[in-house]
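>>> Give me a model of this one.
(one chain, ligands or ions: 1)
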Amino acid sequence: MGAGAVALVRLALVGLVLDALLVTDLRVASVVMAAAVAPVVLAVLDADPEVEAASRVAVPVSQAVAARSAVQTVSTPRRGWGRRPGSREEVISGTYPGGSGALKPVGCLPMDSLARPVILDVDTGVDDACALLLAARHPSLDLRGVTCVGGNAPVEDVVANTLTVLEAAGRLDVPVAQGAARPLLEHPVNATHVHGLDGMGDLDWPRSAAGPDPRHAVELLRDVLAEAATGRQADRITLVPLAPLTNIALLLRTHPEVAAGLREIVFMGGAAHVGNATASAEFNVFHDPEAAAVVLDAASELGIPVTMFGLDVFYDPRVTREEADALVAGGGRGAAELGGRLIAFQCERFASTSATIGDAGAVCAVIDPDGVRTERLPVRVELAGTWSRGRTIVDRRDWSGDLAHDPHGAAPAMVDVCLSVDAQRYARLWLDALETGEA
Ligand SMILES: [Ca+2]
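You can find the predicted model right below:
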């Protein structure tokens, strides 16, 4: 080994030691902070589905942002807010050797040993279907399971839709489990006005005859995460919730020990700036605000890194109607045709020439984290506001002196908030996975 290589190894070892010290300090700090935080007051306000429906449809799409081609690629921990265990840099390591987002040639399934293990929690859902197709087909991911929750559609429909998508992707080997049928406190609502009566675009697509795993979603999550905890660091699971966080809240409160098997949580939900279910709140968090609050609290307490892929970036990665039609033209009832038809459905429903890949963007953020710009910021969920219930309050203050006079103090949950995205890069990643990863 040359002198240069020895120096590099020494630097890496020093970095590891510093990281270990920092993790220890922050875990102690998080326990102290958790003990100091007053109990969460739960206030239940009846949601009005009609208000939710009207506001979701009315959200404008930022074409200007969609046209952006270059994005700063490095997560920027905030000065004065400290650093959380499980750094973004650590998360990035271990990507597929072909490079971030690189695809292996056609026909390379099953996944190789370097593929990142993931579980998706879904309420399929048109855009959940887009996310499932990507997670099922991309060679840099190892989809270990899919758990279902009521949200866009009743949970029984979510299970049926999820199995249908996995069959189209040629991945009925992936266990699918049914979870919570309703939020912890809120009334269940759905979004059939967005996703069609069956929750997945009413495509007249042949339904899968497969059935779900006999376990409850929380049991499947517990089992897979417990097994991952006994393996190598690289075997730890990236959990990708794309729905109301009910299942995940139940999991982390019932089986907090599963944190040992978790690498990180990358969830679609919330926003720093805008809402869709209401003027303040994003649908997934608004649908079950208590669950979102529990997940952020538990993640903070257990030292689980969290990335929020919210409405600030959700609408930006878009596929055109022409690109969708090209996918459909190949036929074959596989992932490409289904993906194309899902995009075409959205184009027609919203009278647009393009549609977002939606939840699939959060999966892109796992495959290719350099495609989003994040800031590590304190986040709380509003549980009591008359007009703001379900809002994710992202603390973007950059002068810590304000905190001395703030009766609330800083939120204990530090989250990597996605603030902008290289939209074309993620849309291309999704298209490539479907075009080249055909079953
Ligand atoms: Ca969803």
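
>>> Quick check, A293 in contact with L383.
Yes. Contact criterion CB atoms under 8 Å: A293 and L383 qualify, at 6.0 Å. Where C-beta positions appear, they are placed from N, C-alpha and C, glycine not excepted.

>>> Excluding chain neighbours, give the residue nearest to A169 in space.
Spatial nearest neighbour of A169, chain neighbours left out: A136 (3.8 Å); criterion: CB to CB, 6 or more residues apart in numbering.

>>> and whatever helix or strand that neighbour lives in, which residues are buried?
Assessed by DSSP states H and E, A136 sits inside helix 126-137. Across helix 126-137, burial judged by 16 or more other CB atoms under 10 Å covers 126-137.

>>> Residue numbers of this structure in contact with the ion?
The chain comes close to the ion at residues 123, 125, 128, 242-243, 359, as judged by CB under 5 Å from the ion.

>>> pLDDT check: weakest of the residues you listed?
Lowest-confidence member of these: G125, scoring 87 (pLDDT).

>>> Look up how far the ion lies from the residue nearest to A169.
As judged by CB to the ion, to the nearest Å, A136 and the ion stand 16 Å apart.

>>> Kindly report the same for D312.
Relative to the ion, D312 is positioned 17 Å away (CB to the ion).

>>> Run a quick neighbour tally on that residue.
23 (other CB atoms under 10 Å).

>>> Which strand runs longest in this protein?
In the chain, assigned by DSSP state E, the strand with the most residues is strand 372-381.

>>> just checking, what packs against that one?
strand 76-77, helix 289-302, strand 306-309, strand 392-394, strand 414-421 (3 or more CB pairs under 8 Å, 6 or more residues apart in numbering; DSSP states H and E).

>>> which stretches of the chain form strands?
76-77, 116-122, 141-148, 176-178, 237-241, 262-268, 306-309, 318-320, 354-356, 372-381, 392-394, 414-421.

>>> returning to that earlier point: next one: the helix holding A136 to chain centre, how far?
In terms of CA atoms, centre = their mean, to the nearest Å, the gap separating the centre of helix 126-137 from the centre of its chain is 12 Å.

>>> CA atoms only for it - export them in PDB, please.
Taking Å, rounded to 0.1, in the frame of the first residue of the first chain, the C-alpha atoms of helix 126-137 are listed here in PDB:
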ATOM      1  CA  VAL A 126     -51.800   5.800  -9.100                       C
ATOM      2  CA  ASP A 127     -48.500   7.400  -8.000                       C
ATOM      3  CA  ASP A 128     -47.900   4.600  -5.500                       C
ATOM      4  CA  ALA A 129     -48.200   2.200  -8.500                       C
ATOM      5  CA  CYS A 130     -45.500   4.300 -10.300                       C
ATOM      6  CA  ALA A 131     -43.300   4.000  -7.200                       C
ATOM      7  CA  LEU A 132     -43.900   0.200  -6.900                       C
ATOM      8  CA  LEU A 133     -43.000  -0.400 -10.500                       C
ATOM      9  CA  LEU A 134     -39.700   1.500 -10.000                       C
ATOM     10  CA  ALA A 135     -38.800  -0.300  -6.700                       C
ATOM     11  CA  ALA A 136     -39.800  -3.700  -8.200                       C
ATOM     12  CA  ARG A 137     -37.700  -3.200 -11.400                       C
END
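
>>> rewinding a little: out of the strands of the chain, nearest to S400?
strand 372-381 (11.2 Å; CB to CB).

>>> Does E382 touch A411 like I think?
No. Look at E382 against A411 with CB under 8 Å: they stay out of range, at 11.3 Å.

>>> Now do the shared contacts for these two.
Common neighbours of E382 and A411 are listed as I393 (criterion: CB atoms under 8 Å, 6 or more residues apart in numbering).

>>> Give me the more crowded residue out of A293 and L383.
Per other CB under 10 Å, whichever of A293 and L383 has more neighbours is A293, with 23 against 20.

>>> and the gap between G275 and A360?
G275 sits 21 Å away from A360, going by CB to CB, to the nearest Å.

>>> out of those two, which sits in the busier spot?
Using other CB under 10 Å, the more surrounded residue of G275 and A360 is A360, with 30 against 23.

>>> Show the pLDDT at the more buried one.
98.

>>> From here on, call the first residue 847.
I'll keep to 847 as the first residue from here, and by that count the last item is A1206.

>>> Where does the stretch 1147-1285 of the chain get nearest to the ion, which residue?
D1205 (4.9 Å; CB to the ion).

>>> where does the chain dip in pLDDT?
The chain contains residues with pLDDT under 70 at 847-959, 1247, 1283-1285.

>>> Spell out for me which residue occupies the centre of it.
Computing the C-alpha centroid of the chain and ranking residues by CA atoms, centre = their mean puts F1113 first, at 2.7 Å.

>>> give the contact list for it.
Applying CB under 8 Å, 6+ apart to F1113 gives the contacts 1086-1088, 1091, 1094, 1130, 1141, 1152-1155, 1208.

>>> For it, give its distance to A1250.
When F1113 is compared with A1250 (using CB to CB), they lie 32 Å apart.

>>> what do you get for L1223?
Distance of L1223 to A1250, computed by CB to CB: 19 Å.

>>> now do L1142
Taking CB to CB as the measure, L1142 falls 24 Å from A1250.

>>> Compare those two (neighbour count), which wins?
A count of neighbours by other CB under 10 Å puts L1142 above the other of L1142 and A1250, at 29 against 7.

>>> ok, the more buried one touching M1154?
No. Here L1142 does not reach M1154: they are 9.2 Å apart, not a contact under CB under 8 Å.

>>> any residues in contact with both of those two?
1225, 1261.

>>> For L1012, list the residues it contacts.
Taking CB under 8 Å, 6+ apart as the criterion, L1012 is in contact with 978, 982, 992, 1018, 1020, 1022, 1054, 1056.
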